[in-house]
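In: Provided below for reference: sequence and predicted model.
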Amino acid sequence: MPVSKSTGKAKSIKKPDVKVPIPPKQKRLVSGIKPTGQLTLGNYIGALKQFVKLQDEMENTELFIFIADLHAITTPIDRQELKKNIRSIAAIYLACGLNPEKVNLFIQSEVNEHAVLGYIMESTAYIGEMERMTQYKDKKQKQTEGIRTSLMTYPALMAADILMYDADIVPIGDDQKQHLELTRNLATRFNNLYGDTFVVPEGFFPETGARIMSLSDPTKKMDKSNENHKSYILLLDDLASVRNKIKSAVTDSDALIKYDVKKKPGISNLLTIYSSLTNEPVKEIEQKYKDKSYAVFKADLAEIVADALRPIQQRYFEYINNPKLDEILNQGAERARLIASRKIEKVFKRLGMGRVK
Ligand code: TYM
């Protein structure tokens with residue numbers, strides 16, 4: 001501190017009259033994909049493409065994107081297949097354009113705190129809430145015996161995945177809407193019971209393409225677990241079969257290229273795919289194909305889908321056997337563990353658990 005020459009006392013320093021701007025609070029974005037199979041065009045349009053868009057558009061936001069492998073054991077899965085899927089999804093994330101400089105990319109099971117907070121969320125949720133989840137009801141119907149408890153409690157783990165990082169925004173497809181709503185309820189309930197602990201997150205849904213439908217039955221969601229391989233397009237399908245699948249997609253017989261989900265679900269789904277991949281509004285696409293046949297429209301769409309997948313497939317093969325992929329996953333897990341361990345400490349403190357003061 002400076003000293004006055006005349007009095008020998010410490011002089012107070014006059015603060016400069018400059019306002020230092022307070023940096024805006026960093027936002028967090030969280031999302032994940034379950035490695036139960038290969039990824040589909042639905043996953044790409046509903047989720048992956050949105051992650052990349054938000055990564056590039058949102059300023060001052062840290063992204064946590066993970067491979068939700070704990071979610072993959074809610075139904076039986078072969079260990080080799082699971083291993084393969086985990087690595088494959090990691091490579092696909094990068095191939096689709098996620099930038100490890102901006103995104104913490106990690107494997108959920110490598111951050112132990114997810115399971116811990118998952119249990120705490122189970123202890124916040126009510127059984128009735130879990131039983132009401134439509135995805136659980138659908139999946140339960142398909143299985144007659146050996147339904148695992150985690151199939152029902154899984155939304156509590158998903159809530160934990162999101163609340164762990166104080167996510168402000170969660171980009172997901174339509175089918176995850178109910179789980180996000182539950183997450184918001186659990187966060188609010190916990191905060192009311194134990195004091196402010198979690199950020200109540202907002203869902204982010206794509207304007208077009210939040211629910212890409214099956215190509216063989218356009219009233220059902222495009223889903224990798226469908227037995228009919230022609231009903232979905234995998235991101236790693238060879239391009240000849242991609243074109244074939246689009247060309248043989250179910251449409252109606254009136255040959256009018258018009259968006260009408262109720263009366264013309266097949267062509268509406270194809271228009272949605274077209275619009276999502278080209279960013280052209282559906283109305284303009286309808287206009288462009290006003291006097292054209294379904295065959296012409298499908299042939300053009302087949303090329304659009306092939307063009308979208310080609311670079312992803314090329315980059316995928318650059319990553320899949322590259323040790324750089326492990327470095328990126330290690331780095332992501334390290335950052336995630338740091339945030340997660342602090343959060344668990346806070347949660348334990350709120351609950352009065354262990355010896356945390
Ligand atoms: P999952 O693995 O089933 O799907 C991953 C993402 O892809 C979206 N999606 C679709 N979007 C449009 N059309 C479709 N046909 C389609 N099929 C899938 C899903 O909506 C999802 O966004 N529970 C989640 C994984 C998860 C998660 C999380 C997501 C676990 N923890 C935390 C967000 C935040 C799941 O099973 O997604």
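Out: Perfect, I can see it now. Numbers count the residues shown, from 1 in each chain.

In: in what helix or strand does Leu105 lie?
Out: Applying DSSP states H and E as the criterion places Leu105 in strand 103-107.

In: neighbouring strands for that strand, and are they parallel or not?
Out: Strand 103-107 pairs in its sheet with strand 61-67 (parallel), by DSSP bridges.

In: which parts of the very next helix or strand once past the strand it pairs with are buried?
Out: Following strand 61-67 in sequence order, the next helix or strand is helix 79-95 (DSSP H and E). The neighbour-count check on helix 79-95 (16 or more other CB atoms under 10 Å) flags 85-95 as buried. The way it works is simple: take the backbone N, C-alpha and C, and place the C-beta from them, glycine included.

In: Same list (those) but as CSV, adding pLDDT.
Out: Putting those into CSV (pLDDT from 0 to 100) gives the following:
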residue, pLDDT
Asn85, 97
Ile86, 98
Arg87, 98
Ser88, 98
Ile89, 98
Ala90, 98
Ala91, 98
Ile92, 98
Tyr93, 97
Leu94, 98
Ala95, 98
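
In: Of the residues you listed, which is the nearest to Leu39?
Out: Ile92 (5.7 Å; CB to CB).

In: hang on, the earlier thing: tell me which other helices or strands the helix or strand following the strand holding Leu105 touches.
Out: Using DSSP H and E, the helix or strand that follows strand 103-107 in sequence is helix 113-122. Identification of packing neighbours for helix 113-122 by 3 or more CB pairs under 8 Å, 6 or more residues apart in numbering; DSSP states H and E yields helix 149-163, helix 323-351.

In: ok, the following helix or strand past the shortest one near the ligand or not?
Out: Scanning forward in sequence from helix 149-163 by DSSP H and E, the next helix or strand is strand 169-171. Yes - using CB under 6 Å from any ligand atom, strand 169-171 reaches the ligand at Val170.

In: next one: strand 169-171 to chain centre, how far?
Out: Offset of strand 169-171 from its chain centre (CA atoms, centre = their mean, to the nearest Å): 8 Å.

In: what's in contact with it?
Out: Contact partners of strand 169-171, identified using CB atoms under 8 Å, 6 or more residues apart in numbering, comprise 27-31, 47, 50-51, 54, 58, 61, 162, 180, 183, 201-206.

In: Which among these count as buried?
Out: Looks like the contacts of strand 169-171 have 27-31, 47, 50-51, 54, 58, 162, 180, 183, 201, 203-206 buried, using 16+ other CB under 10 Å.

In: ok, and which of those reach the ligand?
Out: Among the buried ones among the contacts of strand 169-171, proximity to the ligand is found for 30-31, 47, 162 (CB under 6 Å from any ligand atom).

In: Which ones among those residues lie within strands?
Out: 30-31 (DSSP state E).

In: Which of the helices and strands packed on helix 113-122 has the highest mean neighbour count?
Out: Compared across the helices and strands packed on helix 113-122, helix 149-163 shows the largest average neighbour count, a mean of 23 (mean count of other CB atoms under 10 Å).

In: who in the stretch 151-300 of the chain is up against the ligand?
Out: Counting by CB under 6 Å from any ligand atom, the stretch 151-300 of the chain sits next to the ligand at 158, 161-162, 170, 172-173, 175-176, 210-212, 221-222.

In: which one of those has the most neighbours?
Out: Ile162 (29 neighbours; other CB atoms under 10 Å).

In: dump the residue contacts of that residue.
Out: Counting by CB under 8 Å, 6+ apart, Ile162 has contacts 30, 170, 180, 183, 201.

In: Identify the residue spatially nearest to the fourth one, adjacent ones excluded.
Out: Closest residue in space to Thr183, ignoring its immediate chain neighbours: Ala159 at 4.0 Å, by CB to CB, 6 or more residues apart in numbering.

In: isn't that neighbour right next to Arg189, touching?
Out: No - in this structure, Ala159 is not within contact of Arg189 by CB atoms under 8 Å, at 10.4 Å.

In: Let me know how buried the closest residue to the ligand within the chain is, in neighbour terms.
Out: The nearest approach of the chain to the ligand comes at Gly46, 1.9 Å away (CB to the nearest ligand atom). By the criterion of other CB under 10 Å, Gly46 has 25 neighbours.
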